[in-house]
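Q: Sequence and predicted structure below; questions after.
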Amino acid sequence: MSASIPDTFQEESAAYGASADSIPVAEPIQTDSLGQCDKCGTQSMIKWGRYGYYWKCGQCDNNMPIKEVCPTCERKMKLRKDGMNFYKRCEKCQTEERYCVFEEAPE
C-alpha cells in the first residue's frame, strides 16, 4: 500500500474522474518523505489506533505519530478520512487541507 501525492491539481482530478471545480479543498502538501519510516525508510501506511491516526511501517513494525501544525493558528491539526483521501483539519480556525491519497484503501 503506498501513498501518492499528485504533482498538480489537474493530475489529481483526471486520476479520479473529477473536474477541478468539483474538489473543494486545497492542494496537498508536497513532501517527498511523507509516510516514510524513520528507521528503515520504506513507505508506511496510515492506521487508526487508540490515540487517532498514525503511520505504521509494514516492514519493521515501527509506529510514527502524525504531527501536523496549523499554518494559521499554530495548533495541532487532526486527521480525518474520506474514502482513500486523508485530510488534516484545524478545529479552531476550520482550516482543512488534503494530507495524502492512497492508491489502495488502507485496512
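A: Structure received.
Q: Can you show me the strands along this protein?
A: Using DSSP state E, the strands of the chain run over 3-4, 45-49, 52-56, 63-65, 78-82, 85-89, 96-102.
Q: Keeping just the C-alphas, turn the fifth one into PDB.
A: What follows is the C-alpha trace of strand 78-82 in PDB, where atoms were taken according to Å, rounded to 0.1, in the frame of the first residue of the first chain:
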ATOM      1  CA  LYS A  78      -6.500  16.400  13.300                       C
ATOM      2  CA  LEU A  79      -6.700  13.800  10.500                       C
ATOM      3  CA  ARG A  80      -9.900  12.600   9.000                       C
ATOM      4  CA  LYS A  81     -10.600  10.000   6.300                       C
ATOM      5  CA  ASP A  82     -12.900  10.200   3.400                       C
END
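Q: So which elements touch that strand?
A: Judged by 3 or more CB pairs under 8 Å, 6 or more residues apart in numbering; DSSP states H and E, strand 78-82 is in contact with strand 52-56, strand 85-89. For the C-beta atoms, the positions are set from N, CA and C on the backbone; glycine is no exception.
Q: pLDDT score assigned to the residue nearest to residue 44 when sequence neighbours are not counted?
A: What sits nearest to residue 44 in space, not counting adjacent residues and going by CB to CB, 6 or more residues apart in numbering, is residue 55, at 4.2 Å. Note on residue 55: pLDDT of 89.
Q: before we move on, what about residue 72?
A: pLDDT recorded at residue 72 is 86.
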